[in-house]
Every structure is written in structure tokens, then in C-alpha cells.
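Q: generate coordinates for the sequence data below:
(4 chains)
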Protein chains: 2
Amino acid sequence: MAVVTAPLAKDMFDPLCPSDLNPIRVGDKWAGMIVRCLELGPARFSQLRVPLTGITAKVLTKSLRALERDGLIRRAAGEYSLTPLGRSLLGPLDAACAWTREHWDELLDAREGLYPH
Amino acid sequence: MAVVTAPLAKDMFDPLCPSDLNPIRVGDKWAGMIVRCLELGPARFSQLRVPLTGITAKVLTKSLRALERDGLIRRAAGEYSLTPLGRSLLGPLDAACAWTREHWDELLDAREGLYPH
DNA sequence: CGGGATCCGGTCTGATACTG
DNA sequence: CAGTATCAGACCGGATCCCG
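A: From the prediction side, this is the model:
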């Protein structure tokens, strides 16, 4: 796969999205988004910080280390990329995202009243 | 679906299984297992405690409340059961379980050395 | 039986400062 | 640039006791 040199979009993820509603998660809070970012190609630390709005260096470091420890990503020459194992995770991750998109309104309805207006 | 009167098995889940290795999760630590239990039919509080080895009443209560709040389970007449939304979650949950089974040895290898012997 | 109240130790988080 | 160190506060699951 070719290296993507285009910068990752700032609005790749909606920081206002109440993603805590999603009952399906991959790793910690950020792991799923990190995998999504790396799906497009290797990226550097500071590149990853752009779409992951509001993440601190410490937390990003911790998430990256956890993913590395679990064999899902690899670090080489200052760039992070998915391992084959990490890439294989994209399948179930897509399934989870599809489910969430499909049932998003039901999830919101279930919590209706908890988020007035 | 008929009500399952047979008790849930004590060894439905392996308490020694290092399930923290699984990068895909549904809700909190227990939510996935609870959904699995209810897949077989409605169950009561004390029935659920049997396969969920070691769970305390407080934690089970909290998990059940969270699942109820999110519209995945419903409580009626002292029995918990899956809602249609909760049942629809079984698809992606199966996909996640399949991925984990398929890559379990790779996950263990990745952490090799962290668990000596 | 089905929880609620309380306490506690560990973890996670954010902010800030510092470094190779 | 790519982190590490540190500290304070929030949050977490687990244990224990209690209650209708």
C-alpha cells in the first residue's frame, strides 16, 4: 500500500458526536479511531493528533503503546502503520460501525430525556 | 421465543480467560456476556449471577441498568430479556467473537513475554 | 431474593512542565 | 517534533454491610 502523504482531515471525526452511545468498542476510547486513521496509510504522531480532536500527547501515546503491545499496529521510522492483524480488524470494525449507523436513532431514542433539547 | 427454564451453566464463561486481550468490546466488561446469557431466553438476576463468575450484585446491577438505559434489554416481572435492538446486536457480536477466536493465538503471541511461563 | 449505600484502592484523565 | 514526568482530580470495579 502506498504511503498517504495527504494530511488527515481535521473533521474526520465529529468531536460533538456522543460516541459513548455506541455499545460496540474496539480497545480504548481512541483505538477505533486510530485504526481508522491508519487504514488510509502510515501516519506520524502529529498527523494523528489532527483528526483526534482534543487528544493529549499522553493519552495518544498510551493508546498507541497499547495497540502496539497487542500487535495491531507497528512503529517504524517514526511512522505508525497497521499490522496484518490490525488490518484484519477492519472487517468486524466495519460491521460494528454499520450496526451503529443502522440503529443510531434507536439508541438516541432509548436515552431520550437524558439529553434535553 | 420460549422461556428457557433450564439454569444457565456455571462454566458458560471461563473465569481464567484473559478476555482483556479481546480488543472488541460491547459496552462494559460484562455487557457482552449478559447479552449472550439472555440470547437463550429471559433470566432473573440470580440466574445471571451463576455464569458470570465472581460478579458482585452492585456491578451486575450497574451493567443491567446501563443495558436497560440503552434500550438493549428490558426488565419485566423480575425477568430480564433482550429487546429487538439488543437481539440485533447479536450479529456484530458474533462477528467480533469469530474474529477473536480466529486471531486469538496472534493476540497471545503479541503479548508474549508479558505473561512469563 | 434483589438490590442500595458506603468505602476503598487502582486506574484514567487533564494540565503543566520538561527533554532529546 | 515526539514524546516523558509529575501531580491532582475524576472515575472504576470490588468488598462489605444493610434493607424491604
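Q: up against chain B, what does chain A have?
A: Applying C-beta under 8 Å from any C-beta of the partner chain, we find that chain A lies next to chain B at A:21, A:23-27, A:31, A:69-72, A:85, A:88-89, A:91-93, A:95-96, A:98-99, A:103, A:106-107, A:109-111, A:114. Heads up, the C-betas are built off the backbone N, CA and C, glycines and all.
Q: list the contacts of the spatially most central residue of chain A.
A: Nearest to the geometric centre of chain A sits residue A:33, at 0.6 Å (C-alpha atoms, centre = their mean). Contact partners of residue A:33, counting by C-beta atoms under 8 Å, 6 or more residues apart in numbering or on different chains, are A:12-13, A:51-52.
Q: picking that back up, in ChimeraX, select just the buried ones from the residues of chain A next to chain B.
A: Restricted to buried positions by 16 or more other C-beta atoms under 10 Å in any protein chain shown, the ChimeraX selection for those reads:
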select /A:23,24,25,26,27,31,70,71,72,85,88,89,92,93,95,96,99,103,107,110
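Q: near DNA strand C, which residues of chain A?
A: Chain A comes close to DNA strand C at residues A:28-29, A:54, A:56-59, A:62, as judged by C-beta under 7 Å from any atom of the strand.
Q: tabulate these in a markdown table, adding columns for neighbour count, secondary structure and pLDDT.
A: Converted to a markdown table, the residues of chain A next to DNA strand C look like this (neighbours: other C-beta atoms under 10 Å in any protein chain shown; DSSP: H, G, I helix; E, B strand; the rest coil; pLDDT from 0 to 100):
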| residue | neighbour count | secondary structure | pLDDT |
| --- | --- | --- | --- |
| A:28 | 15 | coil | 87 |
| A:29 | 12 | coil | 86 |
| A:54 | 7 | coil | 82 |
| A:56 | 10 | coil | 92 |
| A:57 | 10 | helix | 94 |
| A:58 | 8 | helix | 94 |
| A:59 | 14 | helix | 94 |
| A:62 | 13 | helix | 94 |
